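Asker: need a structure here:
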Amino acid sequence: MSKQMLAQKLALLVFIISILLHQTVPVKAQEASDIATLNWVINTAPPFHIINGSHSGKGICDVLMDIIDEQLPELASSRVVLPQTRIRQKFEQEVDQCFPCMIYSPTPSDTVQTEPTHFYYPHGIITTKEKALIIQERHGNPVRLASLITDREFRFGYPDGRHYPAVQNIVDQAVQSDVTRVAHTGENATVAILAMIKAERIDYTIDYQILHNFDIAENEATDLAFLEIAETQGQHVLGAIGCTNTAWGRAVVKEINRILPNVRQHPEFLQTLDLWFNDNPESEPYRELLRKRVWHVTGANQ
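Answerer: Residues are numbered from 1 along each chain as shown. The predicted structure is shown next:
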């Protein structure tokens, strides 16, 4: 064998070995030190995020972001306002971002989530006071959603892209037309839905009681009422921060979980929760339930 052929074979062998090593050596996970900026995405959905008006910046998740930024001063922070559907698309496209107002799920998907930050009372029906009496007469008190959702005399409206995990199967299984079910697209969708109810363009929506509280805070003479749903009575919903399920997102979640005990009990965050959870549908105060349902449980047990 000539020296030239031997050299060629050695070069080929080195090339093959390098390829095999590249395939077998794991990629290093992103470290916290590699994170430069917390990329927040928010939507115009009060009282989670309040973009304008007398309560601007006092939304539950506005304050939550402020405190996390304060607790992680080594990181820069950016905030982009997007429609809910666009936020969902960016998660699917693995764009590095964090949304501070998700419903907690321990199972990663397009997102990986922090431990719970707080909790919500369950979804209910928001309608006018006049229609509330008719709905309760026909569909009970608390309202049987499975019955109401199929009542074609009432038009159901909701923000496009909105999901209700505890009752989504009821909503999905109901046979409705474009006349009896209306999805509102674009920004300020939740407030627009309330305006549509007041203008009698739709009859009711499904949302948290805190949205009704926001309407009361903004409009003292509100004509809206909140009705409990039979299928969710006695339940609660955990909130959490969700980040893209990438190395970046997992590293961010790890950092937020590290400082989360301080965030949960931060006086400013507690004052904000007191502002919006100012009613008391359960026998115990919100803060006491917060202590039991969020502060005293960690990890997978949540």
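Asker: Contact partners for the residue nearest the centre of the chain?
Answerer: The residue lying closest to the centre of the chain (CA atoms, centre = their mean) is M102, at 2.1 Å. Neighbour list for M102: 111, 113, 239-242 [criterion: CB atoms under 8 Å, 6 or more residues apart in numbering]. (C-beta placed from N, C-alpha, C; glycine too.)
Asker: change it to 10 Å
Answerer: By CB atoms under 10 Å, 6 or more residues apart in numbering, the contact list for M102 reads 61, 111, 113-114, 117, 238-243.
Asker: are any of these buried, and which?
Answerer: 61, 111, 113-114, 117, 238-243 (16 or more other CB atoms under 10 Å).
Asker: Give me the subset of the residues you listed lying in strands.
Answerer: Those of the buried ones among the contacts of M102 mapping onto strands are 111, 113, 238-243, per DSSP state E.
Asker: any chance of the residues you listed in TSV, plus distance to G140 and pLDDT?
Answerer: Converted to TSV, those look like this (distance: CB to CB, whole Å; pLDDT from 0 to 100):
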residue	distance to G140	pLDDT
T111	36	96
Q113	34	97
L238	27	96
G239	28	96
A240	32	97
I241	36	98
G242	34	98
C243	40	98
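Asker: which of the residues you listed lies closest to D223?
Answerer: G239 (28.7 Å; CB to CB).
Asker: List just the nearest of the ones in strands among the buried ones among the contacts of M102 to H296.
Answerer: Of these, the one sitting nearest to H296 (CB to CB) turns out to be L238, at 13.0 Å.
Asker: Which residues are in contact with the closest residue to the closest one other than its chain neighbours?
Answerer: In this structure, L238 finds its nearest non-sequential neighbour in Y104, 3.8 Å apart by CB to CB, 6 or more residues apart in numbering. Residues near Y104 by CB under 10 Å, 6+ apart: 113-119, 237-242, 294, 302.
Asker: Let me know the closest of those residues to D69.
Answerer: Out of those, the member with the shortest distance to D69 (by CB to CB) is I241, at 12.2 Å.
Asker: For that closest one, which non-adjacent residue is spatially closest?
Answerer: T114 (4.4 Å).
Asker: mind giving me TSV with the buried ones among the contacts of M102 and columns for distance to D69?
Answerer: Below are the buried ones among the contacts of M102 laid out as TSV (distance: CB to CB, whole Å):
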residue	distance to D69
C61	12
T111	20
Q113	19
T114	15
T117	14
L238	22
G239	18
A240	17
I241	12
G242	17
C243	15
